[in-house]
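Engineer: coords please:
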Amino acid sequence: MDNKQIELLKRALHREKEARKAAERILEDKSRVLYQTSLKLEQLLDEKSSQLQGVFENIIDAYVVIDIKGNILKFNDAAIHLLGYDINKNELNVLRLIAKEDFKYTIASFSKLQTKGFFKNFEVRIYTKSKEVKWVSINASMVYDKNQKPIAAQGIVRDITKEREKAFIINLINRVAKSILGKIDIYQIATKLTGIIAQYLGTEHCIIYIINKQDQTIEQIAAFGQKLNEKKQIIDKAIFPIEKGITGRVVRTGIAEIVADTSLDKDYIKNRKVRLSEIVVPILNEGEVIGLIDSEHDQKNYYTKSQLKTIENIASLVAMQLKSAINIRAREKAENKNKRLLKELERSNDELKEYAHIVSHDLKSPLRSIYALTSFIKEDNKEQLSEGSLQNFGLIETTLEKMELLITDILNYSSIGADTSEKIAINLDHLVKELLTIIYIPKHIKIELKNVLPIFKGDRTKLQQLFQNLIGNAIKYNDKTQGSIEIGVEDQKEYWQFYIKDNGKGIEEKYYKKIFETFEKLDNNPKSSGIGLSIVKKIVELYQGKIWLESEINIGTIFYFTLKKITNGTTESKLYK
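Structural biologist: Numbering: from 1, shown residues only. The predicted structure is shown next:
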C-alpha cells in the first residue's frame, strides 16, 4: 500500500470516528432530553402529589401514570400485583386492558377527564395479563405543564371485584325475597325463581323440582322458558324416580354438585338436547331435601363455585316458604279429595235413605197383609183350631209385630244423618213430660225429674227419639218390684250433661261398648230390635256430644250423655224457669 492509499484510509477512519462521536452526542442529547422530560414529569407529578397529599399518602391501591395517548409511564407494586404486568418489561397501553363491553364508555370518560381535569369513582371492567376480568374503581386527575397544557394523567385504581360480587349477590337475594314475598302458590314461587336464577347464571335452562317422598319421585313444577298453562303450571312436566339422574343423586346425598362435563357422568339423563355442564343445588328444610334447583349449559366447565354458593344461599332463603307452599298444595289436594268423597258419601246416603224408605214400605205392606190374613184365618176357624194351633197363630202375629218394629227402627236409624233441619228452641222439660204421658209406664215404676231440663236448640223429633229410647230401655229392663227412674241435667259450660238413672238389672262392663252397636241385644226380648241405643248414639254425636254408662249388676244403670250448646257469643241454651 502506498502513502496515498494510507492517507486516504486514515481520513476514512477519522471520518468514521467523528461520525460515531456525533452519533453518541445525538444519543446523549436524546437521553438528556428524555431524562429532562422525565425529570420534568416527575417534578410535575411531585408537585401534583404534594397538592393531593391527603389522597396519595400511604397508597396501598394501584397507582398508575399514563401519557395523553394512554401509554403507561409509571405504576407501583400494587398495580403490578393487580394487572400482572411489569412496566419495566412490558410496553403497555391502558386501552389494551379495558373490557370490550366498556370500551366506548371508557373512551368517552377519558375525553371528559381531559376536559374537566378529574373524575371520581369511575368503575370499569379490565383484563389482567392472565385474562381474568376484574372490576376496578378509578379516581384520576390530569397533570399539566407550566403552560397548563395536559401532559399526563394519574390515578388510584382499586380492585372492587369482590365488593361488586357481594353487592350483586345481596341485590340478587333481595330480588328473590321480594319476588316471593307473600306468595303461597308453589307454582308462582318456583316460576319466579327459575327466571331470576336463569338470568343470574346466563343460561336458558333452569328447573325447580319438588320431592315426593311417598311416591319416591322428583316432580318438575317450574322451568324457565317452558310453556305454561292458564294456571301457570308446566305443560308435559317431567316426573321420574329418585334413584335416577344427577338430580336423584343430589336428593340422596343432600350435597350440591357442579358437573363440568356431563358426557363423562354415567348418571346424566340425556334429553332431546345434550348440555355439557350442569349445576344442581338441593333445597333443604330441617335437613330434608324438599326440592332442587337445576340448571344446564351447552358449554363444558361453565358453572363456578361462586355461582354454586350463591344458588345455595337462594335455596336456603326460599326453603321455608317453599315448604309452606308444598304443605298448602298437599292440603288442597286432600281437601279436594275430601270434597269428592263427601259428595260421593252424600249421594250414597241419599240413595241409602231412599232405599230404606222403599224397602220399609215394600216390606211393611206384605207384613200387614200376612197379619190380616192370619187374623182372618184364625177368626174363621177358631172353633176348629186346637189350642196349640191358636198358640202358633199367636207366635206368628208376635213375629210379624217384631218384624214391623225392626223395619220401623231401621228406617228411623237411616233417617238420622247430617242435621240439616232448622234448629229451633226446644223446652226439653216440657218435651220429656209430654213423653211420660205417651209411653207406657207400669204402675210399679216411678219416674222423677230431679231438676228442670234446659231449653235447647235442635230438632224436636230427634230429641224426642233420644229421650224416648233411653227412658223406654230403663222401663223395659227394670226387674224390681219397686222400680225407679231418675232424670237430671248439669251445666258443663259448653255442654249440657244429662243422665237417666234406673235401679234395674244392670249391665256387665264387657257389654258397655257393644250395646251401642247396631242389632246388638243382651237378651231375646221380642220388643227390642237391637237398634234403639244405636239411634241414641247417632243423635248424641249429631250434636257433638258423647254417651257413656255406669252400671252394677242387680243395682242399676246410669246413662250419661252430653249435647253441645249452640252459641253466638253468648249461650243460647239456658235452664227453663
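Engineer: so which residues make contact with stretch 429-444?
Structural biologist: For stretch 429-444, the surrounding residues in contact (C-beta atoms under 8 Å, 6 or more residues apart in numbering) are 447, 449, 452-454, 460, 463-464, 467-468, 471-472, 475, 480-483, 487, 576. C-beta here means a position set from N, CA and C on the backbone, and glycine is covered the same way.
Engineer: now do the helices in this protein.
Structural biologist: 3-51, 53-56, 77-83, 103-116, 161-180, 186-201, 245-253, 305-380, 387-415, 428-438, 460-476, 532-542 (DSSP state H).
Engineer: can you flag the weakest of those by average pLDDT?
Structural biologist: Mean pLDDT values for these show the minimum at helix 53-56, a mean of 42.
Engineer: give the residue spans of the stretch 151-300 of the chain that score low on pLDDT.
Structural biologist: 225-233 (pLDDT under 70).
Engineer: show me which of the contacts of stretch 429-444 are buried.
Structural biologist: 447, 453-454, 463-464, 467-468, 471-472, 475, 483, 487 (16 or more other C-beta atoms under 10 Å).
Engineer: what two of those residues have the greatest distance between them?
Structural biologist: 454 and 483 (26.4 Å; C-beta to C-beta).
Engineer: what's the longest strand in this structure?
Structural biologist: Ranked by number of residues, the top strand in the chain under DSSP state E is strand 133-144.
Engineer: now do it, average pLDDT.
Structural biologist: 90.
Engineer: remind me what it packs against, helices and strands.
Structural biologist: helix 3-51, helix 103-116, strand 118-127, strand 150-159, helix 161-180 (3 or more C-beta pairs under 8 Å, 6 or more residues apart in numbering; DSSP states H and E).
Engineer: now that strand: buried residues?
Structural biologist: In strand 133-144, counting by 16+ other C-beta under 10 Å, buried: 134-143.
Engineer: partner strands of that strand and their direction?
Structural biologist: Paired neighbours of strand 133-144 in the sheet (DSSP bridges): strand 118-127 (antiparallel), strand 150-159 (antiparallel).
Engineer: identify the residues contacting residue 186.
Structural biologist: Taking C-beta under 8 Å, 6+ apart as the test, what residue 186 contacts is 210, 221, 322, 325-326, 328-329.
Engineer: how about those in a markdown table, adding distance to residue 438 and neighbour count?
Structural biologist: Formatted as a markdown table, those follow (distance: C-beta to C-beta, whole Å; neighbours: other C-beta atoms under 10 Å):
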| residue | distance to residue 438 | neighbour count |
| --- | --- | --- |
| 210 | 64 | 22 |
| 221 | 65 | 22 |
| 322 | 64 | 23 |
| 325 | 60 | 23 |
| 326 | 59 | 19 |
| 328 | 54 | 13 |
| 329 | 56 | 16 |
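Engineer: closest to residue 94 among these?
Structural biologist: residue 322 (48.0 Å).
Engineer: which residues touch stretch 288-303?
Structural biologist: 193, 197-198, 201, 203, 205-211, 218, 247, 250-251, 254, 258, 260-262, 275-284, 311, 314-315, 319, 322-323, 326.
Engineer: that should have said stretch 127-138, apologies.
Structural biologist: Counting by C-beta under 8 Å, 6+ apart, 62, 82-85, 96-99, 119, 121-126, 155-161, 163-164 sit against stretch 127-138.
Engineer: tell me, how many residues neighbour residue 300?
Structural biologist: Burial of residue 300 is recorded as 14 neighbouring residues (other C-beta atoms under 10 Å).
Engineer: err, residue 372, not the other one
Structural biologist: 11.
Engineer: over to residue 157?
Structural biologist: Neighbours of residue 157 using other C-beta under 10 Å come to 26.
Engineer: what pairs with it across the strands?
Structural biologist: Residues in beta-bridge contact with residue 157 (DSSP bridges): residue 62, residue 138.
Engineer: how about the contacts made by it?
Structural biologist: Per C-beta under 8 Å, 6+ apart, neighbours of residue 157: 61-64, 79, 82, 136-138.
Engineer: distance of it from residue 191?
Structural biologist: Counting by C-beta to C-beta, to the nearest Å, the gap from residue 157 to residue 191 is 42 Å.
Engineer: tell me the spacing between residue 372 and residue 397.
Structural biologist: 11 Å.
Engineer: scratch that, residue 515
Structural biologist: Counting by C-beta to C-beta - residue 515 and residue 397 are separated by 28 Å.
Engineer: these two: who's more crowded?
Structural biologist: Taking other C-beta under 10 Å, residue 515 and residue 397 do not tie; residue 515 has more neighbours (18 against 15).
Engineer: the more buried one contacts residue 531, correct?
Structural biologist: No. Contact criterion C-beta atoms under 8 Å: residue 515 and residue 531 do not qualify, at 11.2 Å.
Engineer: stretch 282-302: which residues count as buried?
Structural biologist: If you call a residue buried by 16+ other C-beta under 10 Å, then stretch 282-302 has these buried ones: 282-285, 289-297, 302.
Engineer: please name the residues that touch the one residue sitting closest to the centre of the chain.
Structural biologist: Nearest to the geometric centre of the chain sits residue 325, at 2.2 Å (C-alpha atoms, centre = their mean). Residue 325 makes contact with 183-186, 189, according to C-beta under 8 Å, 6+ apart.
Engineer: can you rerun that using 7 Å?
Structural biologist: Residues near residue 325 by C-beta atoms under 7 Å, 6 or more residues apart in numbering: 184-186, 189.
Engineer: narrow those to just the buried residues.
Structural biologist: By 16+ other C-beta under 10 Å, these give 186, 189 as buried.
Engineer: quick one: which of the contacts of residue 325 is nearest residue 147?
Structural biologist: Closest approach between the contacts of residue 325 and residue 147, by C-beta to C-beta: residue 189, at 66.5 Å.
Engineer: what's the neighbour count on residue 448?
Structural biologist: Other residues close to residue 448 by other C-beta under 10 Å number 10.
Engineer: confidence score at residue 497?
Structural biologist: What the model reports for residue 497 is a pLDDT of 96.
Engineer: residue 453 is in contact with that one, correct?
Structural biologist: No. Residue 497 is not in contact with residue 453 according to C-beta atoms under 7 Å; the separation is 11.7 Å.
Engineer: so what's the residue count around residue 550?
Structural biologist: Using other C-beta under 10 Å: residue 550 sits among 15 other residues.
Engineer: how much space is there between it and residue 428?
Structural biologist: Residue 550 is 22 Å from residue 428, where distance means C-beta to C-beta.
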